[in-house]
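[1] model this:
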Amino acid sequence: MRGPGLVALAASIALARAAAIAQDGSRSEAAEWVANARAGRAVAGAAARLEVEIAARGGFHINDEYPLNFRPTPSEGATFPKRRFDRDDGLALEPCATGGRDACVARLPVPFTPKEPGPLSLSGTVHFSVCNPEKCLIQKVELAVPVEVLER
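    Numbers count the residues shown, from 1 in each chain. The predicted structure follows:
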């Protein structure tokens with residue numbers, strides 16, 4: 001397949017992926033990185049978890065010297081046990097596919113407790129840095145995640 005047909009197919013795939021991501025959580029991206037946040041099943045009054053993920057791409061890797069963290073926005077519908085989550089809160093790193101000691105994916109669990117059943121939106125800012133051999137980029141990215149909270 002060539003020409004306009006290939007372009008249309010690529011656009012359709014991109015739209016389908018964007019729709020799937022929108023249902024599962026929040027996503028922001030640039031050529032060098034992708035930031036995602038997802039929440040699993042949540043039950044009112046029970047501990048739940050939001051997962052923040054940073055993936056470096058385009059020859060970049062996670063800057064292991066930068067204090068990667070997530071700061072949740074205070075919510076009337078949920079409580080967070082603290083105001084800032086960082087490396088000491090269970091950060092998991094995955095090595096780059098190219099090998100070596102650098103990590104290209106970082107996942108940070110963020111616990112929360114929803115107060116009431118029904119729809120809930122959780123948001124916050126993830127702070128991170130990605131580097132390649134020439135430069136490092138420091139990012140602050142807002143993420144918002146829809147959560148459906150079930151009754152106990």
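
[2] now the residue sitting nearest the centre point of the chain, what's its secondary structure?
    Per CA atoms, centre = their mean, the C-alpha nearest to the average position across the chain is that of residue 36, at 2.3 Å. Three-state assignment for residue 36 (DSSP: H, G, I helix; E, B strand; the rest coil): strand.

[3] How much space separates the residue nearest to it when sequence neighbours are not counted from residue 124?
    Leaving aside its chain neighbours, residue 36 sits nearest to residue 53 (4.5 Å; criterion: CB to CB, 6 or more residues apart in numbering). C-beta: built from backbone N, CA, C; applies to glycine. Separation of residue 53 from residue 124 (CB to CB, to the nearest Å): 13 Å.

[4] Pull up the overlap in contacts between these two.
    Residues touching both residue 53 and residue 124 by CB atoms under 8 Å, 6 or more residues apart in numbering: residue 37.

[5] Comparing these two, which residue is more hemmed in?
    residue 124 (25 against 19; other CB atoms under 10 Å).

[6] in this protein, which spans are helices?
    Ranges of helices in the chain, per DSSP state H, are 4-24.

[7] Can you show me the strands along it?
    Using DSSP state E, the strands found in the chain span residues 25-30, 33-39, 42-43, 48-56, 61-62, 69-72, 78-79, 85-86, 92-95, 103-114, 118-131, 136-150.

[8] rank those by pLDDT, which is bottom?
    Note on the strands of the chain: lowest mean pLDDT is at strand 25-30, with a mean of 88.

[9] and it, which strands flank it?
    Here strand 25-30 has these sheet partners by DSSP bridges: strand 33-39 (antiparallel).

[10] any idea of the angle the strand it pairs with forms with strand 103-114?
    Calculated by axes from the mean of the first three to the mean of the last three CA atoms, to 10 degrees, strand 33-39 forms an angle of 30 degrees with strand 103-114.

[11] Please enumerate residues in contact with strand 33-39?
    Contacts of strand 33-39 (CB under 8 Å, 6+ apart): 21, 24-29, 48-57, 60, 122, 124, 126, 128, 130, 137, 139, 141, 143-145, 147.

[12] Appreciated, that's everything.
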